[in-house]
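1. Need the 3D shape of this:
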Amino acid sequence: MSLNKAKLSFCEKLDILPAAASVVVAATYALLTGLWRTERQAKSLLLHFGYAILRKATARMSPLQLQYILPGSVTVYNRLVKSTGYEARSVELSHGASGHWIGDPNATNVLIWYHGGGWALASNRGYIKFYAKLVRDLEKSGKSVAVFALTYTLAPQETYPYQLRQAVSAARYILDQPDRNPETVFFGGDSAGGNLACGVLSHMAHPHPQIEPLTISGKIGGAVLIAPWALLDAEYPDQEIYDGGDIISEAVAAPWAGAYLGQAPRDNYTDPFNASPEWLAAYPAKEILVTGGGNEILLPVIQDFAQKLKDSFGNAELFVGYRECHVAPIYHIMLNDNSETDQGKKIKSWLTEQLQ
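-> Next up is the predicted model:
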């Protein structure tokens, strides 16, 4: 399937105008009221303003409308990677996927990254800057590492298990490299990308019946899961911590999960939260770090999933960033806030300890 922009009907295109107007109204309201923020809201007025825009845009527009107005992952990579000081290097993978290097492909360690966005949004400029900063900071700590970022086909152009198949192809490409020690390979993912990272780990331990098995000798070095979307329920109970302090709302759960699942039933690959302890214990990774934002609506699910990993998998750790939103290490950069998030600091220190 081509990764071209989504095709919209005339009515869907026409609806973008009132949708954009509603975003402007929400942003204006946030700007006017943002001076009186609580601890349940963003740390700065800039972030409060940006959260409101993203929250309204994702709630008001359909996945296809968002795909229509936003640049694709490949376009974003090609536009921005050189500005980070790294050479553009892309690889065509199987099943229409592609992988993009940030850093030296011959680095000792490779972090395979699966981007989020509910399987419906392309990676944005925040990702490229996040990857580049992470690679540079780790190099300063004496660690040789490169990021290999997957571009997969967005839903609903393809549905589950297509994206999981593409995610496996990225892992296969890296793990099949000559003389590549699996312990120098790490998985990373945020939100839906965290779900994909878990899906690949599940496939390696319990091969998906529709995807070619991927077996390794031993375990990969570890996995970093930023706010993994581990449970695809359409509704989440209102949480006391939530009061406009996140970039997403409950309104995105049903359309985004539905676009990804299509007609497929949910299973342990789509909902790792529901997997048995025995299933999770078989994840072929040495260590797992789970992070979440203190103000995000998925935090209770993230916390419960991390506890399940601790109880079954064992070598798992949870870190929560104070007053941070969903996927703050990346979306703060996209919103032009370059101050390092608590989650970002934790991820960097954790990788410094784990990388070879």
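2. So what's the residue count around the residue lying closest to Leu201 once chain neighbours are set aside?
-> Beyond its immediate neighbours in the sequence, the residue positioned closest to Leu201 (C-beta to C-beta, 6 or more residues apart in numbering) is Tyr283, lying 4.3 Å away. C-beta coordinates here come from the backbone N, C-alpha and C atoms, glycine included. By other C-beta atoms under 10 Å, 28 other residues sit near Tyr283.
3. Wait, a strand at Tyr283?
-> No: read with DSSP: H, G, I helix; E, B strand; the rest coil, Tyr283 is coil and lies in no strand.
4. pretty sure it is touching Gly199, no?
-> No: counting by C-beta atoms under 8 Å, Tyr283 stays clear of Gly199, with 10.9 Å between them.
5. Dump stretch 83-92 to CSV, restricted to CA.
-> Extracted C-alpha coordinates of stretch 83-92, given in CSV (Å, rounded to 0.1, in the frame of the first residue of the first chain):
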residue,chain,number,x,y,z
SER,A,83,19.3,20.3,9.9
THR,A,84,20.3,18.0,12.8
GLY,A,85,23.7,17.5,11.3
TYR,A,86,23.1,13.9,10.3
GLU,A,87,23.1,12.5,6.8
ALA,A,88,19.8,11.3,5.3
ARG,A,89,19.9,7.5,5.0
SER,A,90,16.7,5.6,4.2
VAL,A,91,16.1,1.9,3.6
GLU,A,92,13.2,0.2,1.8
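6. can you list contacts of it?
-> Contact partners of stretch 83-92, identified using C-beta atoms under 8 Å, 6 or more residues apart in numbering, comprise 74, 77-78, 81-82, 98-103, 105, 128-129, 131-132, 135, 173.
7. list the buried ones in it?
-> Thr84, Tyr86, Arg89 (16 or more other C-beta atoms under 10 Å).
8. so where's this structure uncertain?
-> For the chain, residues meeting the criterion pLDDT under 70 lie at 1-6, 237-243.
9. As a check, name the ranges of all helices in it.
-> 10-33, 45-60, 63-69, 73-80, 125-140, 162-175, 192-205, 253-261, 277-281, 299-312, 328-334, 342-354 (DSSP state H).
10. Export those as TSV, with columns for mean neighbour count.
-> Below are the helices of the chain laid out as TSV (neighbours: other C-beta atoms under 10 Å):
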stretch	mean neighbour count
helix 10-33	14
helix 45-60	20
helix 63-69	20
helix 73-80	18
helix 125-140	21
helix 162-175	23
helix 192-205	27
helix 253-261	21
helix 277-281	15
helix 299-312	19
helix 328-334	26
helix 342-354	18
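11. Quick one, which of the ones you listed gets closest to Tyr269.
-> Closest of those to Tyr269 is helix 192-205, at 4.6 Å (criterion: C-beta to C-beta).
12. quick one: Thr108 from Pro284, how far?
-> According to C-beta to C-beta, to the nearest Å, Thr108 and Pro284 sit 20 Å apart.
13. Which one of those two is surrounded by more residues?
-> Pro284 (18 against 13).
14. where's the more buried one relative to Asn338, distance?
-> Pro284 is 35 Å from Asn338, by C-beta to C-beta.
15. got it, and Gln263?
-> Noted for Gln263: a distance of 42 Å to Asn338, by C-beta to C-beta.
16. more neighbours, these two?
-> Shown here are Gln263 and Asn338; by other C-beta under 10 Å, Asn338 has more neighbours (9 against 6).
17. Distance check, that one against Ala57.
-> Counting by C-beta to C-beta, the gap from Asn338 to Ala57 is 22 Å.
18. returning to that earlier point: nearest to Ala230, of the helices of the chain?
-> Set against Ala230 and scored by C-beta to C-beta, those come closest in helix 299-312, at 4.3 Å.
19. now that closest one: how far from the chain's centre is it?
-> On the basis of C-alpha atoms, centre = their mean, to the nearest Å, helix 299-312 is displaced by 17 Å from the centre of the chain it belongs to.
20. Grab the CA positions of that helix and hand them over as PDB.
-> Extracted as PDB, the C-alpha positions of helix 299-312 are listed here (Å, rounded to 0.1, in the frame of the first residue of the first chain):
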ATOM      1  CA  LEU A 299      -1.700   7.300  33.200                       C
ATOM      2  CA  PRO A 300      -3.800   4.800  35.200                       C
ATOM      3  CA  VAL A 301      -3.600   2.300  32.300                       C
ATOM      4  CA  ILE A 302       0.100   2.900  31.900                       C
ATOM      5  CA  GLN A 303       0.700   2.400  35.600                       C
ATOM      6  CA  ASP A 304      -1.300  -0.800  35.700                       C
ATOM      7  CA  PHE A 305       0.500  -2.100  32.600                       C
ATOM      8  CA  ALA A 306       3.900  -1.300  34.100                       C
ATOM      9  CA  GLN A 307       2.900  -3.200  37.300                       C
ATOM     10  CA  LYS A 308       1.800  -6.200  35.200                       C
ATOM     11  CA  LEU A 309       5.200  -6.200  33.600                       C
ATOM     12  CA  LYS A 310       7.000  -5.900  36.900                       C
ATOM     13  CA  ASP A 311       4.900  -8.900  38.300                       C
ATOM     14  CA  SER A 312       5.400 -11.100  35.200                       C
END
